[in-house]
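Colleague: dropping a prediction and its sequence here:
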Amino acid sequence: MAKNQMNPEEGKSLNELLQIRHDKLAALQQEGRDPFRETKYDVTHHSADILTQFDALEGQTVSVAGRLVSKRGMGKVSFCDLLDRDGKIQLYVRRDLVGEESYAWFKKCDIGDVVGVRGEVFRTQKGEISVRADEVTLLAKSLRPLPEKFHGLTDKELRYRQRYVDLIVNPDVKDTFVRRSQIMRELRSFLDGRGFLEVETPILIPFEIGAAARPFYTHHNTLDMDMVLRVETELYLKRLIVGGLERVYEVGRIFRNEGMDVKHNPEFTTIELYQAYTDFHGMMDLVEDMMKTVAQRVCGSLVIPYQGHQIDLSHWERLTMIEAVKKYSGVDYNDWKTDQDAIDAAKAHSVPLPEVPTRGTILAEFFDAFVEENLIQPTFIYDYPVEISPLAKRKPEDPAFTERFEYFINATEFGNAFSELNDPLDQRQRMEAQVAERKALDPDCRAQVDYDFINALEYGMPPTGGLGFGVDRLVMLLTNSDSIRDVLLFPTMKPLD
């Protein structure tokens, strides 16, 4: 792009720039042109409308509005780029068309100012589709300069803190969040089309459940009681299955007081869904169909480029955890006859021992050590040890394992599913054991058994398949983003002070 010929701000300090813009605002207000008094502006078209429908709109009068992102002056004529929700459109502003007074103050407008323009759609001599202005209205004065075009908002930390500026100056960022919205719409459409009912369950719950995730605590003043921000939506959704809502899902904000990295943020979005009268095999089929459908509709392909890999969503491998560990480590779980055999194998392969070392928990450690990093293409891992699956139904033919799977893409877990445990006696025993184990490891832990959930199960819950998956990781995949912060409009950040 040619150098801006109408920028009096070049070479000045930030404090000088701020003062210049405040002075311009004061002058406008004294002239009776206070931009902040404008309450509305009737927009008839956006940039994309004009660019894609030029043949029909040529010679027609339109009204557009947006932010000035460049100005190029040639005496009595100014060329500008206006940025709206869809992209950019060129403005052609001429003194004899808008009037000498209007043109004088328009030339003083700054990059970043929000304007409304009415004018005729035409094509310039150089062939660029433009709007020839006959009226320009200043709708908001930008009192801070935008980052410089080529050396602007590139610092990632600053981008996350000032997402509002990031969206203005980095078009690909806006594209990511437009695609996120499309993904959410397609996920809902898919589930609604399968007969699922979208519901909402409490975010504030009365106590910490026995799950391994650490919660955030708050206090309810009127009830004078501590409350917890939920770490999952599962137990309330399964209450609804008991109540006869046979297919339910929730797009839920989840809060976990844990570590932060490129895959984890303290608050994030999940979808959990439950379907009566099916099992974890039914959930596998649903996941595969859902991922293919959403990817095709959002990306137009089942082969997705992601961080140097071509992810083929048309093919999904299915392995038990035992098969996967044997495939990638050479160690066969079936050779372990006792817990001590598993402990010896872990020591021999430098696999860390879990806090409670059993054959099942050590198998999971082998999986973490040898398998997950190899699961680049879509893979279902199923039949998880019962010790690490307190809410999943045991396999009838082998009660040491459960009907549970997780699915992995690019060495990352994307979702978790069960044949849900619906035996209230077994569920009570597992929840009580889980809470007791938590308290033994952390005496200050305030976890409790959700006995009301047990009470619900005692009314009878039909055989049910359940699935939970992280929306943010799916968005990362379908937008080729390497950090969860890139797909959250406002990620959690430590205050600068």
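Modeller: Structure received.
Colleague: and Val173, what are its phi and psi?
Modeller: Per-residue torsions, Val173: phi -70, psi -50 (degrees, to the nearest 10).
Colleague: ok, the residue nearest to it when sequence neighbours are not counted - how many residues close by?
Modeller: Excluding its sequence neighbours, the residue lying closest to Val173 (CB to CB, 6 or more residues apart in numbering) is Asp166, at 5.2 Å. C-beta coordinates here come from the backbone N, C-alpha and C atoms, glycine included. Asp166 has 19 neighbours, counted by other CB atoms under 10 Å.
Colleague: do the same with Ile183
Modeller: 22.
Colleague: residue ranges with poor pLDDT in the stretch 51-200 of the chain?
Modeller: Along the stretch 51-200 of the chain, segments meeting pLDDT under 70 span 149-154.
Colleague: beta partners for Val248?
Modeller: Listed beta-bridge partners, Val248: Leu197, Tyr274 (assigned using DSSP bridges).
Colleague: what comes up buried for stretch 348-363?
Modeller: Residues of stretch 348-363 classed as buried by neighbour count (16 or more other CB atoms under 10 Å): Val351, Pro354, Pro357, Thr358, Arg359, Gly360, Thr361, Ile362, Leu363.
Colleague: turn those residues into JSON lines, including distance to Cys80, pLDDT and secondary structure.
Modeller: JSON lines is the format used below for the buried residues of stretch 348-363 (distance: CB to CB, whole Å; pLDDT from 0 to 100; DSSP: H, G, I helix; E, B strand; the rest coil):
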{"residue": "Val351", "distance to Cys80": "63", "pLDDT": "97", "secondary structure": "coil"}
{"residue": "Pro354", "distance to Cys80": "63", "pLDDT": "93", "secondary structure": "coil"}
{"residue": "Pro357", "distance to Cys80": "69", "pLDDT": "95", "secondary structure": "coil"}
{"residue": "Thr358", "distance to Cys80": "69", "pLDDT": "96", "secondary structure": "coil"}
{"residue": "Arg359", "distance to Cys80": "70", "pLDDT": "97", "secondary structure": "helix"}
{"residue": "Gly360", "distance to Cys80": "66", "pLDDT": "97", "secondary structure": "helix"}
{"residue": "Thr361", "distance to Cys80": "65", "pLDDT": "96", "secondary structure": "helix"}
{"residue": "Ile362", "distance to Cys80": "66", "pLDDT": "97", "secondary structure": "helix"}
{"residue": "Leu363", "distance to Cys80": "64", "pLDDT": "98", "secondary structure": "helix"}
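Colleague: which of the residues you listed sits closest to Arg247?
Modeller: Nearest to Arg247, judged by CB to CB, of these is Gly360 at 31.3 Å.
Colleague: give the contact list for that closest one.
Modeller: Pro385, Val386, Glu387, Ile388, Ala400, Phe401 (CB atoms under 8 Å, 6 or more residues apart in numbering).
Colleague: switch to 10 Å and redo it
Modeller: Shown in contact with Gly360 (CB atoms under 10 Å, 6 or more residues apart in numbering): 321, 333, 339, 342, 354, 384-389, 400-402.
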